[in-house]
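Novice: Using only what follows, build the 3D model:
(2 chains)
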Amino acid sequence: MTTYLQINNLRIGNYQITADFLKREVVGVFSRDPQVRLEVLKIFAGINRNLNTCLYDGNDIFDNPEYFRARIFLDYSHNYLSTLRTAIIEQSLQSKYNLRFNKEKFVRIAQELNVRGETEITHTYKFTPAGNTFVNYALTAALEKAYLIINNPTINLSLDVDIKYIVKAITDTQTYESVLLGLDSLRNFRDKLNKILIFTDYEQVFLTSCPTVVVTKQELPTEYKLFKGKNYLSLNLFSKEELKALKKNKIEYVIIPIFDMEDYL
Amino acid sequence: MKNEKLTNFLNKDVVKLIMVIFCILVLIFVSIVLFEDIDLDKRIIIYNIFGILALAGFLYSYSLTKKNTPLKLSMGITRKTIYFNYLKNTIISLFISLFIAVYYMLIYNLVLYGKFSILEVFDIREVVFLPMVYLVLSALGFFLGIYKLQSKIFYILSVLITVGLVLVIIYFSVAYWLTLVLFAFGVLFEVINYFLFKRYNL
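Specialist: Numbers count the residues shown, from 1 in each chain, chains lettered A, B, ... in the order given. Predicted coordinates for the structure are as follows:
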């Protein structure tokens, strides 16, 4: 797989990030602080400056027209549409942002998700919180961009069937060349992410595909520490011997899937 | 089908703009006769045109940098494009408003005095001064939007600027040097805005 986004020593607050994002990969960004998540996504979207540390095809992504044409950045907690009338949406997107809009796809998705059932129609269209997420997803799909950068992709969704629909669609690497997601919930994306970019409580960042995490009641002497609080979480990159040594030293631990991390924070 | 074509045609921004300008020109023509009958200050329409334009420019540029820029960037419009579109709109607005002012003066002289002149009845200094006020206010709105000035403070500021503008026009004579200073300041402000706009974090 080829790299489409290269990050070299990007500094965000006390964090320093070096990572390569590959095509046909879905990467989730996880941080306990939603502001950090948003800030990272804005930089990866080329909206905020990165001091020449983020490259797309060898060029800085900040305000890069070529990169901007290929990607879309949406935060599903925001309200982007105030109507479901496709002719108006199409004209508005075309005139304001010079964007192509696939009406048929938008209508199909809106019907499948029963967006009208989540809409109060007065002089404007007022969506329920879940309806807003549905509409934002339908808009994302209808814009047909190669690179997706989405913050809060499953926000306000509570029904399993809805979450599964959105997650499956948004992580489909046959449709999108690459997907970066600011995760509002880890467990919703169980087994759907190739990698997770984790901003730890120890001012470190890991881009990992490690499937499990070690949970302990005390801090472990490892360089892969993730979070601290009522429990201490570390990436499970321990060898069998190291795990045996933990037992020998009477350090109790539990190994959990990385997608269950939030339950232990 | 015919109706749809007509609706699409009428909904185009250029068509709307042309229709609005045409309406303004007709209304100016009618008002010249009415204003003369009730003996109003002949400059009042010019002040209104530029006063409203200056405030609209102030609000538009503030809203652009404070609210609309994040959305435009999300949708794939670069900062450079946003800024140059803003500049283009500002220049177009200035030229349209100048055209309207010149038209007003020409028609005024033509209808009431039978002359084809813009210099004899109107003080040209004031006519040039007002677009410069527009330029500076537009740049100021842009600047305040970048620094995300609170809306309440912004609206209070808008009222103060309006009052200040009216007082300056009524009670002070406008000197050439003031117009030149405003022009230089406006241009410099727009250049500074460009660099600030390219750098500010959203």
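Novice: Help me confirm that A:Leu220 comes into contact with A:Ile251.
Specialist: Yes. At 7.3 Å, A:Leu220 counts as touching A:Ile251 under the criterion of Cβ atoms under 8 Å. C-beta: built from backbone N, CA, C; applies to glycine.
Novice: Could you check which of the two is surrounded by more residues?
Specialist: A:Leu220 (17 against 14; other Cβ atoms under 10 Å in any protein chain shown).
Novice: any idea how far the residue positioned nearest the centre of chain B lies from chain A?
Specialist: In chain B, the residue lying closest to the centroid (Cα atoms, centre = their mean) is B:Leu53, at 3.1 Å. Using Cβ to the nearest Cβ, to the nearest Å, B:Leu53 is found at 22 Å from chain A.
Novice: isn't that residue right up against B:Leu98?
Specialist: No. Using Cβ under 8 Å, B:Leu53 is not in contact with B:Leu98, being 10.3 Å away.
Novice: which bits of chain B sit near chain A?
Specialist: Within reach of chain A by Cβ under 8 Å from any Cβ of the partner chain, chain B has these residues: B:11, B:13, B:70-81, B:198-199, B:201-202.
Novice: how does it look with 6 Å?
Specialist: Listed as neighbours of chain A in chain B under the rule Cβ under 6 Å from any Cβ of the partner chain: B:Leu73, B:Ser74, B:Met75, B:Gly76, B:Ile77, B:Thr78, B:Arg79, B:Asn201, B:Leu202.
Novice: which among the residues you listed gets closest to A:Ser178?
Specialist: Nearest to A:Ser178 among the residues of chain B next to chain A: B:Gly76, at 15.4 Å, using Cβ to Cβ.
Novice: Okay, and the nearest residue in space to the closest one that is not next to it in sequence sits in which element?
Specialist: Excluding its sequence neighbours, the residue lying closest to B:Gly76 (Cβ to Cβ, 6 or more residues apart in numbering or on different chains) is A:Phe68, at 4.3 Å. Following DSSP states H and E, one finds A:Phe68 within helix A:65-70.
Novice: need the contact list for B:Thr179.
Specialist: By Cβ atoms under 6 Å, 6 or more residues apart in numbering or on different chains, the contact list for B:Thr179 reads B:Val128, B:Phe129, B:Met132.
Novice: What is the nearest of those to A:Ser31?
Specialist: Distances from A:Ser31 to the contacts of B:Thr179, taken by Cβ to Cβ, are shortest for B:Met132, at 48.4 Å.
Novice: pretty sure the closest one is touching B:Ala184, no?
Specialist: No. Look at B:Met132 against B:Ala184 with Cβ atoms under 6 Å: they stay out of range, at 9.4 Å.
Novice: So if I had to pick from these two, which one is more boxed in?
Specialist: Neighbour count, other Cβ under 10 Å: between B:Met132 and B:Ala184, B:Met132 has more, with 23 against 11.
Novice: Look up phi and psi at B:Lys148.
Specialist: Main-chain torsions, B:Lys148, degrees, to the nearest 10: phi 50, psi 50.
Novice: Look up how far B:Phe154 lies from it.
Specialist: Distance from B:Lys148 to B:Phe154, counting by Cβ to Cβ, to the nearest Å: 10 Å.
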